[in-house]
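[1] kindly return the folded structure for what I paste below:
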Amino acid sequence: MTMQETRPGAETMESFATQIHMPYTLTPGQAVGVFLAELAQRRLIGSRHGDRVLFPAQDFSGESGEPGEGFVEVPPVGTVASFTTVEGRTLALIQLDGTASSFVHRLVGLGGDEVEIGQRVEAVWSDRPSGTILDLLGFGPVGTAETFVPRDPAEDLAAPFEQVEYTMTLDFEHSYGHYYGSLFDGVKHDRRVRGVKCSSCRKVLLPPRERCDVCFAPTLEWVDVEAVGTIQASSVVHVEFVGQRVKPPYVYAEIVLDGTSTRLIHTVGGLDPHEARTKAGPGARVRAVWSERRTGSLADIDYFEVIDDELGQS
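    Residues are numbered from 1 along each chain as shown. I've put the predicted structure just below:
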């Protein structure tokens with residue numbers, strides 16, 4: 001059979017919308033820590049490195065590697081060095097007066113068609129300081145703010161932030177391509193697991209792919225695979241980390257489904273993790289327990305359960 005003949009009229013999932021959500025703690029260091037802390041006082045703090053002033057303040061010069069010689073207050077007025085507009089929001093590289101470096105921030109109250117390189121702008125401050133870079137909301141049209149030569153700040157500099165709680169969220173579309181798209185389309189709509197058979201060595205590969213990764217021959221024949229197989233290796237996960245679907249402890253296993261030659265990694269559930277060494281060890285037989293979810297991914301299988309009457313058989 002050819003691939004086209006095995007799937008007449010069937011649809012293929014093209015992509016999967018998903019999100020990476022990663023909280024972490026940022027350690028800014030002394031210089032950036034002072035810079036962030038001083039934003040609540042509506043002061044912009046840079047650092048002096050010889051005859052150059054860097055903004056925001058840096059512990060070391062990126063050019064010479066030399067440590068900073070002290071902090072300076074820089075004016076809240078500067079010039080747009082470059083800019084870009086994405087989805088109605090404009091980000092700009094801004095060089096504040098008297099500094100030798102530029103930094104990225106957003107423009108406030110200025111549309112992309114109102115901005116030009118060399119334009120003068122001034123700081124726009126938040127009315128409710130939150131201890132983040134957004135205490136400085138951005139830069140807007142120059143108004144009443146005055147420029148000055150970078151100067152020594154007052155002696156009552158705020159204590160530097162030692163840690164900043166931060167969260168990065170990234171929405172994206174994961175493109176499946178025809179082979180993964182066909183697999184996940186079957187998983188989502190028909191609870192059907194499908195692999196492909198190599199045209200040369202005749203091994204069944206799961207997940208499916210265009211070419212065999214052993215002999216590099218094309219794969220031309222789709223094969224339905226029963227969601228039953230044998231554990232090749234397993235581990236009990238006790239460590240908690242970002243992105244886990246299951247709260248530790250849980251069992252993670254490499255499973256070879258019957259008739260395939262590749263390993264599928266999934267969780268083994270329905271048993272006490274402390275019993276995993278005996279009940280979910282190599283050679284244990286397992287079968288898929290399907291979820292009520294229909295996401296079009298292997299998460300549609302909640303977990304694999306051990307088939308008690310086949311324990312120890314391979």
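[2] and R106, what element?
    Per DSSP states H and E: R106 is located in strand 103-106.
[3] what are the buried residues along the helix or strand following that strand?
    Note on strand 103-106: by DSSP H and E, the next helix or strand toward the C-terminus is strand 120-125. By neighbour count with 16 or more other Cβ atoms under 10 Å, strand 120-125 contains the buried residues 121-124. To be clear about C-beta, it is placed using only N, CA and C from the backbone, and glycine gets the same treatment.
[4] wait, a strand at V286?
    Yes - per DSSP: H, G, I helix; E, B strand; the rest coil, V286 lies within a strand segment.
[5] and it, how many neighbours?
    25 (other Cβ atoms under 10 Å).
[6] low-confidence ranges in the stretch 51-200 of the chain?
    112 (pLDDT under 70).
[7] now do the helices in it.
    177-190 (DSSP state H, counting those that start in this stretch).
[8] is T267 in a bridge, and if so with what?
    Y252 (DSSP bridges).
[9] re earlier: and the strand holding R106, what does it pack onto?
    Strand 103-106 is packed against strand 89-96, strand 136-141, with contacts defined by 3 or more Cβ pairs under 8 Å, 6 or more residues apart in numbering; DSSP states H and E.
[10] and it, which residues are buried?
    When burial is assessed from 16+ other Cβ under 10 Å, strand 103-106 yields the following buried residues: 103, 105-106.
[11] make CSV from the helices and strands packed on strand 103-106 and add mean neighbour count and distance to G62 to it.
    Compiled in CSV, these are given as follows (neighbours: other Cβ atoms under 10 Å; distance: least, Cβ to Cβ, whole Å):
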stretch, mean neighbour count, distance to G62
strand 89-96, 20, 15
strand 136-141, 19, 21
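[12] G259 against V228, yeah?
    No - G259 is not in contact with V228 according to Cβ atoms under 8 Å; the separation is 9.6 Å.
[13] about what we covered before: quick one: strands adjacent to the strand holding R106?
    Strand 103-106 has these strand partners (DSSP bridges): strand 89-96 (antiparallel).
[14] how distant is the strand it pairs with from the center of its chain?
    25 Å (Cα atoms, centre = their mean, to the nearest Å).
[15] and for stretch 117-128?
    With Cα atoms, centre = their mean, you get 30 Å for stretch 117-128.
[16] which residues does that stretch contact?
    Residues from elsewhere that reach stretch 117-128 (Cβ atoms under 8 Å, 6 or more residues apart in numbering): 42, 44, 76-83, 92, 94, 107-110, 134-143, 145.
[17] quick one, which of these are buried?
    44, 76-80, 83, 92, 94, 107, 110, 135-140.
[18] strands of the stretch 151-300 of the chain, start to end?
    164-175, 193-198, 204-205, 219-225, 228-237, 250-257, 264-269, 285-290 (DSSP state E, counting those that start in this stretch).
[19] the longest one vs helix 177-190, what angle?
    What that stands for is strand 164-175. 90 degrees (axes from the mean of the first three to the mean of the last three Cα atoms, to 10 degrees).
[20] same deal with the last one?
    Relative orientation of strand 285-290 and helix 177-190, computed by the same axes, to 10 degrees: 80 degrees.
[21] can you put the helices and strands packed on strand 103-106 in JSON lines and add distance to D152?
    As requested, these are exported to JSON lines (distance: least, Cβ to Cβ, whole Å):
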{"stretch": "strand 89-96", "distance to D152": "16"}
{"stretch": "strand 136-141", "distance to D152": "21"}
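[22] so which of those comes closest to D224?
    strand 89-96 (48.4 Å; Cβ to Cβ).
[23] give me the neighbour count for V237.
    Applying other Cβ under 10 Å, I find that V237 has 15 neighbouring residues.
[24] from L206, how far out is the closest residue to A217 other than its chain neighbours?
    Among residues not flanking A217 along the chain, S200 sits closest, at 3.5 Å (Cβ to Cβ, 6 or more residues apart in numbering). Applying Cβ to Cβ, to the nearest Å, the value for S200 to L206 is 17 Å.
[25] T295 too?
    For T295, the distance to L206 - Cβ to Cβ - is 18 Å.
[26] the two - which one has more neighbours?
    Ranked by neighbour count (other Cβ under 10 Å), T295 and L206 place L206 first, with 21 against 14.
[27] any idea how far the more buried one is from R106?
    Where R106 is concerned, L206 sits at a distance of 47 Å (Cβ to Cβ).
[28] for R128, same thing?
    In terms of Cβ to Cβ, R128 sits 17 Å off from R106.
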